[in-house]
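>>> Got a predicted model here, sequence first, then my questions.
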Amino acid sequence: MTQPVFRFAPSPNGHLHLGHALSALLNARAAVALSGRFLVRVEDIDQTRCTPDLEREMFEDLAWLGVPLDEPVLRQSENFSQYRAALEKLQDMGLVYPAYLTRAEIKAFVSAKEANGESWPRDPDGAPLYPGDAAVLSAEELRSRAASDAPFSLRLDMQRALAQIGRALSWQETGAEGVSLFAEPVAVPVEAAAWGDVILARKDTPTSYHLSVVVDDARQGITDVLRGQDLYHATSVHRVLQELLGLPSPVYRHHRLVLGADGRKLSKSSKDTSLRSLREAGMTHAELRKRIGL
């Protein structure tokens, strides 16, 4: 039987908050309960916002939580070649295209449609699906942008990708906490078309979250992904990429979120819920566990 391998994958672009504490502790506890390993992945692709000081402070917060970390720690900034290779494989399959529309242009196009009483499809996160460059830009403008140094993103042609796979996909999902760790997983149907043509990379960024997470999970030998409920629907995209790239699919568990007073999930900009500020205010481990429902 394969030893379970869990992971916690924060970005050092701000201080960890109560939601991170819940995820880290759930993963660490699950690894102990299943006699597995618990790895940390530093998601530091954004070299502008992710800094060495924030990474150091992140590990200080994890040490305060008492989370036992196994080696090695994977840093995304040290693995750009892995993402590039995966992207090139998808490009060789004819599944990737450059997209030149800006966020503002997409928003204006969709807003105009909706102002005229038309509906526009949105992904499970609420973002409008990409309309395609030709729906907004003239052929001349599109040629101009392609020939210039204009910014662009590289998107997955989802319909073509699903056609190439040619069969229905699913992922294995089981409970997130307590005894449900030992429950038999159930098959959840993949609904990747609902996401449209997702971004895989940008002109100045070698990968996106969707691409890097499947490459990194395979690279670290992750068998069990335990992450927030906000990423539940994104698993459909990840299964498509795993299938296209010939990567293994972990068992998935999606835990509840820690919400702020406004009912929304916590943000790193919320200083009052950062582990650092709570620790400095004297919060104890017992108080923290009670606060996050453990």
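Great, that's in hand. Numbers count the residues shown, from 1 in each chain.
>>> Would you agree residue 105 is in contact with residue 132?
No. Judged on Cβ atoms under 8 Å, residue 105 makes no contact with residue 132 at a distance of 11.6 Å. Glycine gets a C-beta too; all of them are placed from N, C-alpha and C.
>>> Neighbours of residue 274, how many?
The tally of other residues near residue 274 (other Cβ atoms under 10 Å) stands at 21.
>>> Now it. Nearest residue, chain neighbours left out?
Distance criterion Cβ to Cβ, 6 or more residues apart in numbering; nearest residue to residue 274, sequence neighbours excluded, is residue 15 at 4.2 Å.
>>> Kindly report the same for residue 145.
Per Cβ to Cβ, 6+ apart, closest to residue 145 is residue 100, 4.5 Å.
>>> Can you name the residues that contact the one you found?
133, 137, 142, 145, 146, 150, 151, 152 (Cβ atoms under 8 Å, 6 or more residues apart in numbering).
>>> Looks like residue 16 contacts residue 8 (just checking).
No. Between residue 16 and residue 8 there is no contact under Cβ under 8 Å: 10.0 Å.
>>> Neighbour count: the two, which is higher?
Just comparing residue 16 and residue 8: by other Cβ under 10 Å the higher neighbour count belongs to residue 16, 27 against 22.
>>> Return the residues in contact with that one.
10, 24, 58, 61, 62, 268, 274, 275, 276.
>>> so the residue nearest to residue 274 touches residue 279, yeah?
No. Residue 15 sits out of contact with residue 279 when judged by Cβ under 8 Å, with a separation of 10.3 Å.
>>> Give the residues shared as contacts by these two.
Overlap of the contact sets of residue 15 and residue 279 (by Cβ under 8 Å, 6+ apart) consists of residue 61.
>>> These two: which has the busier surroundings?
Taking other Cβ under 10 Å, residue 15 and residue 279 do not tie; residue 15 has more neighbours (20 against 16).
>>> ok now stretch 184-202, how far from the chain's centre?
12 Å (Cα atoms, centre = their mean, to the nearest Å).
>>> Then stretch 23-33?
In terms of Cα atoms, centre = their mean, the centre of stretch 23-33 is set 19 Å apart from its chain centre.
>>> got it, and stretch 69-78?
Per Cα atoms, centre = their mean, the displacement of stretch 69-78 from the mean C-alpha position of its chain is 17 Å.
>>> Please save the CA atoms from it in PDB.
In PDB, the C-alpha atoms belonging to stretch 69-78 read as follows (Å, rounded to 0.1, in the frame of the first residue of the first chain):
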ATOM      1  CA  LEU A  69       7.200  19.400   8.200                       C
ATOM      2  CA  ASP A  70       8.800  16.700   6.100                       C
ATOM      3  CA  GLU A  71      11.600  17.400   3.600                       C
ATOM      4  CA  PRO A  72      12.100  18.400   0.900                       C
ATOM      5  CA  VAL A  73      10.300  21.800   0.600                       C
ATOM      6  CA  LEU A  74       9.500  22.500  -3.100                       C
ATOM      7  CA  ARG A  75       9.700  26.100  -4.300                       C
ATOM      8  CA  GLN A  76       7.900  26.800  -7.500                       C
ATOM      9  CA  SER A  77      10.400  29.500  -8.500                       C
ATOM     10  CA  GLU A  78      13.000  26.700  -8.700                       C
END
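>>> Break down the stretch 1-150 of the chain into its strands, ranges please.
With DSSP state E, counting those that start in this stretch as the criterion, the stretch 1-150 of the chain has strands at 5-8, 37-42, 70-75, 96-99.
>>> so for stretch 99-109, what's the average pLDDT?
Mean per-residue pLDDT for stretch 99-109: 96.
>>> Could you pull out the buried residues of it?
99, 100, 101, 106, 109 (16 or more other Cβ atoms under 10 Å).
>>> which residues does the first one contact?
Residues in contact with residue 99 (Cβ under 8 Å, 6+ apart) are 130, 132, 133, 152, 153, 154, 155, 197, 199.
>>> what's the distance between the second one and residue 81?
Here the criterion is Cβ to Cβ, to the nearest Å. By it, residue 132 lies 31 Å from residue 81.
>>> So between those two, which is more surrounded?
More neighbours surround residue 132 than the other of residue 132 and residue 81, with 14 against 9 (other Cβ under 10 Å).
>>> what's that one sitting at in phi/psi?
Dihedral angles of residue 132 (phi, psi; degrees, to the nearest 10) stand at phi 90, psi 140.
>>> Please settle this for me: is residue 151 part of a helix?
No. Secondary structure of residue 151 (DSSP: H, G, I helix; E, B strand; the rest coil): coil, not part of a helix.
>>> ok, it touching residue 202?
Yes. Using Cβ under 8 Å, residue 151 makes contact with residue 202 at a distance of 7.2 Å.
>>> So these two - more neighbours on which side?
Neighbour tally, residue 151 and residue 202, criterion other Cβ under 10 Å: the higher count belongs to residue 202, 14 against 11.
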